[in-house]
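> how would this look folded up:
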Amino acid sequence: MNASIFDDLNACARLAADWRRQGLALVFTNGHFDLLHAGHIHYLQAAREMGDRLIVGLNSDASTRRRKGPTRPILPQEERALLLAALRAVDAVIVWDEDDFRAVVAALKPDIYVKGADWNRPSGPKPPEAEIVAKYGGRIAFVDLTPGRATSAIVRDILQRHGCDPETDA
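Presented below is the predicted three-dimensional model:
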């Protein structure tokens, strides 16, 4: 069975509240998930293992362009959402047009908010949603990233294999 796909925060929050009433531990993570790859799968499976239900926040096409540049996303949000929803580890997907997920985290109140370990460097940036998670008593967990598996690295490799300069031809 495919997971539910939402573009309405209130509908997704109702589902999350229903799961909480059933005593299920809710996990939330978010990202662009552009060109779904093995690193994404590892990350999502690890997140799902932390609780009973996993909701994935998906940056919309507009949000992805603002954050990643004019050549992204590679795949449109409808396709990225469908791919995520087809994964056994994912129970729901919410497509979100903002550049961070503070409003989503505040509405869903997941027990565990999961981010990649790149958000847990001592001198690096912290997730903008962390303060909200702390206020309602949730916890933040970090998942190690799969070395060498990133969409930007995959795109760079494809371009190089075809004799293109990733800096000018992307």
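> Is the most centrally placed residue in the chain bridged to anything, and to what?
The chain has residue 30 as the residue nearest its centroid, 2.3 Å off, counting by Cα atoms, centre = their mean. Beta-bridge pairing for residue 30 (DSSP bridges): residue 57.
> my read: it touches residue 98, true?
No: using Cβ atoms under 8 Å, residue 30 is not in contact with residue 98, being 10.4 Å away. To be clear about C-beta, it is placed using only N, CA and C from the backbone, and glycine gets the same treatment.
> which ones are touching the residue nearest to the centre of the chain?
Applying Cβ atoms under 8 Å, 6 or more residues apart in numbering to residue 30 gives the contacts 56, 57, 58, 59, 96, 101, 104.
> give me that answer again for 10 Å
Shown in contact with residue 30 (Cβ atoms under 10 Å, 6 or more residues apart in numbering): 55-59, 93-94, 96, 100-101, 104-105, 113-115, 127, 129.
> do the same with residue 77
With Cβ under 10 Å, 6+ apart, residue 77 has these contacts: 5, 7, 32-34, 58-64, 93, 95-97.
> Residue 90 versus that one, what's the distance?
Going from residue 77 to residue 90 by Cβ to Cβ, to the nearest Å gives 15 Å.
> so what pLDDT did the closest residue to residue 43 other than its chain neighbours get?
Leaving aside its chain neighbours, residue 43 sits nearest to residue 143 (5.3 Å; criterion: Cβ to Cβ, 6 or more residues apart in numbering). At residue 143, the model reports a pLDDT of 95.
> ok, residue 143 to residue 63 distance?
The value you get for residue 143 to residue 63, if Cβ to Cβ is used, is 21 Å.
> Would you state the strands of this protein in chain order?
Along the chain, counting by DSSP state E, strands occupy 4-6, 26-31, 53-59, 92-96, 112-116, 139-143.
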